[in-house]
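> Provided below are the primary sequence and the corresponding predicted coordinates.
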Amino acid sequence: MNFDAKKTAAAGLIVLGVCLVYWQVFLRLVDAWFVDDNYSHGFFIVPIAAYFVWERRTRLLGTVVRPTWFGLVVVAGGILLLLTGLLGSELFLSRISLLATLAGIVLFLFGWLHLRILLFPLTFLLLMIPLPAILFNKIAFPLQLFASRAGELAISAVNIPVLREGNLLILANTTLEVAEACSGIRSLISLLTLAIVYGYFADPRGWVRTVIALSTIPVAIIANAERVAGTGIAAHYWGPSVADGFLHEFSGWVVFVVAFGMTFGIQRLIVRIAPKRRAPAARSLGAVVPLSPSVKG
């Protein structure tokens, strides 16, 4: 067996080992993507992360391999997190442990330089992991209240009588509940994922990518508040049926497209204010002077 075949066999054994250890975590994670609409984008995360790794193949091949035994310590820490999560029925810990284990494998086999190159793809995988319920609720509930307040102000601004009680908007002909699904956290998570991918391809500068990603927070909150207000106004004029069913779901898609358009506009504004520097033109080492034909005397 030649050296390349040995490396391929070793890589296959490592992949098989990870699958055997984490098969239960994988199944529950995929089930969460199917069941929870907040994380249905999880199906796209792994292929996109794989593309980011493939895109770095030249850098990885050109980097010196310096394995470190510290990688086994990181792998052991990942397995400990896995066992803690499984024994304590804490899904978040068991899922996070997968990323720690992958980082430890890279360290043990290739070293810190390779881990640094693969840091972005590994970090990107965080987007496929649902937040713990306690943290999710702490984020969703304030967003519900904000959307309710913003909706109340917008509806009142167009002279429509409305009374707000918590996350309930009481109109003359119906009562609207800004439920958890209407808090905007679903669009926020999906918009953040899309903005990270878009920023990665749109601009090579790290600070620009960061601004694009962070801009999705206010954009998603404002867009969702506008959706709540629009639903209330529509329900007042055309009845409560517009606040449920197909029209309600369709308005969510429209608002998401508008929110991404706002994110795109922010990126274009950044480029206009701080344009990317062009690479300096290579200086010529010397001018080439064409030789004149000899003049016959």
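Happy to help now that I have it. All values reported here derive from a predicted model rather than from experimental measurement.
> identify the bridge partners of the spatially closest residue to Leu163 that is not a sequence neighbour.
In this structure, Leu163 finds its nearest non-sequential neighbour in Ile170, 4.3 Å apart by C-beta to C-beta, 6 or more residues apart in numbering. Backbone N, C-alpha and C define where each C-beta goes, glycine included. Beta-bridge partners of Ile170, counted by DSSP bridges, are Leu163, Thr175.
> which residues in the stretch 1-150 of the chain form helices?
3-35, 42-55, 57-61, 70-87, 91-109, 112-117, 119-124, 133-157 (DSSP state H, counting those that start in this stretch).
> and the first one, how far out from the chain's middle?
Relative to its chain's centre, helix 3-35 lies at 22 Å (C-alpha atoms, centre = their mean, to the nearest Å).
> same deal with the third one?
Centroid displacement of helix 57-61 relative to its chain, using C-alpha atoms, centre = their mean, is 24 Å.
> elements contacting it?
In terms of contacts (3 or more C-beta pairs under 8 Å, 6 or more residues apart in numbering; DSSP states H and E), helix 57-61 is packed against helix 112-117.
> and the fourth one, by the same measure?
For helix 70-87, the contact count by 3+ C-beta pairs under 8 Å, 6+ apart identifies helix 3-35, helix 91-109 as packing neighbours.
> who wins for proximity to Asp244 among these?
helix 3-35 (21.4 Å; C-beta to C-beta).
> okay, buried residues for the closest one please.
Across helix 3-35, burial judged by 16 or more other C-beta atoms under 10 Å covers 22, 25, 29, 32-33.
> please apply the same query to stretch 203-212.
So for stretch 203-212, counting by 16+ other C-beta under 10 Å, buried means 203, 208-209, 211-212.
> quick one: low-confidence ranges for the protein?
1-8, 10-11, 180-183, 243, 245-248, 278-297 (pLDDT under 70).
> let's see 50
Counting by pLDDT under 50, the chain shows low-confidence ranges at 1, 3, 281-297.
> quick one: what helix or strand has the residue nearest the centre of it in it?
The centre of the chain sits closest to Thr193, judged by C-alpha atoms, centre = their mean, with a distance of 2.4 Å. Thr193 belongs to helix 185-202 when assigned by DSSP states H and E.
> helices or strands up against that helix?
helix 42-55, helix 133-157, helix 206-238, helix 246-273.
> show me what the longest one is packed up against.
In terms of contacts (3+ C-beta pairs under 8 Å, 6+ apart), helix 206-238 is packed against helix 133-157, strand 175-177, helix 185-202, helix 246-273.
> in it, what's buried?
Neighbour counts over helix 206-238 (16+ other C-beta under 10 Å) mark 208-209, 211-213, 215-216, 219-236 as buried.
> what do you get for the first one?
Under the neighbour-count criterion of 16+ other C-beta under 10 Å, helix 42-55 has 42, 44-45, 48-49, 52 buried.
> quick check, nearest of those residues to Ile155?
Gly42 (35.1 Å).
> the closest one contacts Asp31, correct?
No. At 10.6 Å, Gly42 and Asp31 do not qualify as touching, with contact defined as C-beta atoms under 8 Å.
> quick one on the thing from earlier: separation between the residue nearest to Leu163 and Gly232?
Note on Ile170: its distance to Gly232, by C-beta to C-beta, to the nearest Å, is 10 Å.
> which neighbours do the two share?
When contacts are counted by C-beta atoms under 8 Å, 6 or more residues apart in numbering, Ile170 and Gly232 are jointly contacted by Val162.
> ok, the residue nearest to Leu163 - contacts?
162-164.
> picking that back up, in TSV: the helices and strands packed on helix 70-87, plus distance to Pro130.
TSV is the format used below for the helices and strands packed on helix 70-87 (distance: least, C-beta to C-beta, whole Å):
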stretch	distance to Pro130
helix 3-35	5
helix 91-109	7
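> and of those helices, who's closest to Leu125?
Smallest distance to Leu125 across the helices and strands packed on helix 70-87 (C-beta to C-beta): 5.8 Å, for helix 91-109.
> with only the CA atoms kept, save the closest one in PDB.
The C-alpha coordinates for helix 91-109 follow below in PDB (Å, rounded to 0.1, in the frame of the first residue of the first chain):
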ATOM      1  CA  LEU A  91     -28.600  18.500  23.300                       C
ATOM      2  CA  PHE A  92     -26.700  21.800  22.900                       C
ATOM      3  CA  LEU A  93     -23.600  20.400  24.700                       C
ATOM      4  CA  SER A  94     -23.600  17.200  22.700                       C
ATOM      5  CA  ARG A  95     -23.900  19.100  19.400                       C
ATOM      6  CA  ILE A  96     -21.200  21.700  20.300                       C
ATOM      7  CA  SER A  97     -18.900  18.800  21.200                       C
ATOM      8  CA  LEU A  98     -18.900  17.800  17.600                       C
ATOM      9  CA  LEU A  99     -17.100  21.000  16.600                       C
ATOM     10  CA  ALA A 100     -14.600  20.600  19.400                       C
ATOM     11  CA  THR A 101     -13.800  17.100  18.300                       C
ATOM     12  CA  LEU A 102     -13.400  18.100  14.700                       C
ATOM     13  CA  ALA A 103     -11.000  20.900  15.700                       C
ATOM     14  CA  GLY A 104      -9.000  18.500  17.900                       C
ATOM     15  CA  ILE A 105      -8.700  16.000  14.900                       C
ATOM     16  CA  VAL A 106      -7.300  18.800  12.700                       C
ATOM     17  CA  LEU A 107      -4.900  19.800  15.400                       C
ATOM     18  CA  PHE A 108      -3.700  16.300  16.000                       C
ATOM     19  CA  LEU A 109      -3.200  15.400  12.300                       C
END
